[in-house]
Structures are given as structure tokens and as C-alpha cells.
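In: Any chance you could fold what I've pasted below:
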Amino acid sequence: MSSRTSARRTTLPAAAAGTTIAILAVLVLAADQFTKYLALENLPEKQAVPVLGDALQLFLTFNPGAAFSLGEGVTWVFTLVLMAAALVIVFLAVSRVRTRSWSIVLGLLLGGILGNLTDRLLRPPGFLTGHVVDFIHTPWLWLGFPSAIYNVADMFIVTMMISVALLVLLGIRFDGSREKDDTEQAPAATADPDSAP
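Out: Next up, the predicted model:
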């Protein structure tokens with residue numbers, strides 16, 4: 001079986017890829033907002049609640065900036081970045097993505113982006129400048145660096161960005177083809193069939 005045939009067999013119809021992305025995005029968004037609701041209803045603000053000693057704590061806080069509370073004075077910028085990222089993923093879902101791997105990764109990533117974007121748009125102090133609800137604290141994870149407090153959306157954003165990097169490094173394109181297929185086919189295309197003994 002040729003690599004081109006193999007690539008075709010791993011592709012999805014446009015509707016299936018788009019539906020996969022949409023369903024996963026909605027599930028992640030729902031999980032993120034539900035856990036934030038539980039945190040707001042049950043956790044005291046800025047007080048550590050041990051779950052597994054120092055390994056896992058719950059610590060409710062509100063983040064106006066990016067990771068490590070950077071850029072607190074320009075919250076609206078992060079909101080616009082999240083909007084742009086969400087629109088790019090939707091565009092790719094509609095026009096380019098035809099593989100299960102990219103559909104899963106982009107669906108989970110979109111859900112994480114929408115989770116934090118919802119906070120930016122709907123939570124105090126106001127539209128575009130809302131503070132993101134963070135409540136998960138794992139001090140050991142940061143290896144001596146200032147520890148961050150995060151949420152479910154952040155977990156999906158970080159892990160799926162790593163997954164995007166891996167798919168790119170593996171040369172897997174949105175349509176299911178691989179970069180290595182091109183390099184394997186190029187010598188065969190340029191070879192002279194009359195040169196064979």
C-alpha cells in the first residue's frame with residue numbers, strides 16, 4: 001500500500017472533523033466552567049486548601065493577566081488574542097483539518113481557549129477585562145520557579161499546544177499527508193525509467 005493511499009485512509013470527511021472539534025470544545029468548556037463554579041461556591045479566596053499535602057492544593061484567585069499574572073494592566077489584549085486564536089481554529093476546522101489527530105488536538109485546545117475567553121468576556125470587572133478564575137496549585141510542578149495557579153482550561157491549552165508542536169515535528173499536515181511522503185516521492189518522480197538496466 002502506498003503512502004498516498006495510507007494518508008487517504010486516515011483522513012476524515014470535513015463534517016466529521018468539524019463535528020469532532022465542536023464536541024470536544026464544548027465538553028472542555030463545560031468542564032472548565034463547571035469546575036470554576038464549584039471553586040467559586042466552595043473555596044475561600046486566597047487561602048490554601050490542601051488536597052494532597054503540598055503536592056496538590058486548591059487556592060482560589062482571580063487573574064487579570066496572562067501566566068504568572070503578567071500583563072495585568074492590559075487584560076483586553078489577552079482577550080483579543082484569545083478571540084483571534086479561537087477564530088483561527090474555527091477557520092482551520094472548516095477549511096483544512098481532515099485528520100483525527102488534528103481534530104482532537106484542536107478541539108481540546110479550542111475548548112481551553114473558550115473557557116478562559118468566557119471569563120474575560122463575562123466576569124468582573126467587565127466585558128473584555130474580566131479576571132480568569134484560577135484555583136489549582138501544584139507547587140512541585142514549577143521546579144523552583146515562581147509557582148502558578150491555574151484552571152482546567154489552562155491545562156488543556158498547555159498540553160494541546162505541546163501536542164500541536166509534536167504534530168508539526170512529526171510532519172503531519174491538516175489534510176493527513178506527511179512531509180516525509182513528499183521527500184520519498186520526489187526521487188521516484190525525478191528518476192528516469194529508461195535508465196534501468
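
In: Give the other helices and strands that the longest helix that the chain contains contacts.
Out: In the chain, with assignment by DSSP state H, the single longest helix is helix 14-42. With contacts taken as 3 or more C-beta pairs under 8 Å, 6 or more residues apart in numbering; DSSP states H and E, helix 14-42 sits against strand 56-63, helix 75-95, helix 100-122, strand 132-137, helix 152-169. Backbone N, C-alpha and C define where each C-beta goes, glycine included.

In: Which of those sits closest to residue 49?
Out: With C-beta to C-beta as the criterion, residue 49 lies closest to strand 56-63 of the helices and strands packed on helix 14-42, at 4.2 Å.

In: which of the residues in that closest one are buried?
Out: 57-63 (16 or more other C-beta atoms under 10 Å).

In: Could you do stretch 16-35 as well?
Out: 17-18, 20-22, 24-25, 28-29, 31-33, 35.

In: go on, stretch 82-94?
Out: Quick answer for stretch 82-94 (16+ other C-beta under 10 Å): 82, 85-86, 89-90, 92-93.

In: do stretch 131-145 as well
Out: Buried residues in stretch 131-145 (16+ other C-beta under 10 Å): 131-138.

In: start to end distance for it?
Out: Using C-alpha to C-alpha, to the nearest Å, one end of stretch 131-145 lies 23 Å from the other.

In: which other residues reach that stretch?
Out: Stretch 131-145 has contacts (C-beta atoms under 8 Å, 6 or more residues apart in numbering) with 35-36, 39-40, 43, 48, 54-64, 75, 116, 119-120, 123-125, 147-155.

In: again with stretch 110-130
Out: Identification of contacts with stretch 110-130 by C-beta under 8 Å, 6+ apart yields 21, 24-29, 31-33, 36, 62, 64, 75-76, 78-80, 82-83, 85-86, 89-90, 93, 131-133, 151-157, 160.

In: any chance of the buried residues of strand 56-63 in JSON lines, with pLDDT too?
Out: Formatted as JSON lines, those follow (pLDDT from 0 to 100):
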{"residue": "57", "pLDDT": "96"}
{"residue": "58", "pLDDT": "97"}
{"residue": "59", "pLDDT": "97"}
{"residue": "60", "pLDDT": "98"}
{"residue": "61", "pLDDT": "96"}
{"residue": "62", "pLDDT": "95"}
{"residue": "63", "pLDDT": "92"}
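
In: For residue 19, see how far away the residue most central in space within the chain is.
Out: Central residue of the chain (C-alpha atoms, centre = their mean): residue 109, 2.2 Å from the mean position. Distance, residue 109 to residue 19, using C-beta to C-beta, to the nearest Å: 16 Å.

In: cool, and residue 96?
Out: 15 Å.

In: Apart from its chain neighbours, what residue comes closest to residue 157?
Out: The shortest distance from residue 157 to any non-neighbouring residue, by C-beta to C-beta, 6 or more residues apart in numbering, is to residue 112 (4.0 Å).

In: show me where pLDDT drops low in this structure?
Out: Scanning the chain for pLDDT under 70 picks out the ranges 1-10, 66-73, 181-197.

In: try 50
Out: Along the chain, the parts satisfying pLDDT under 50 run over 1-9, 197.
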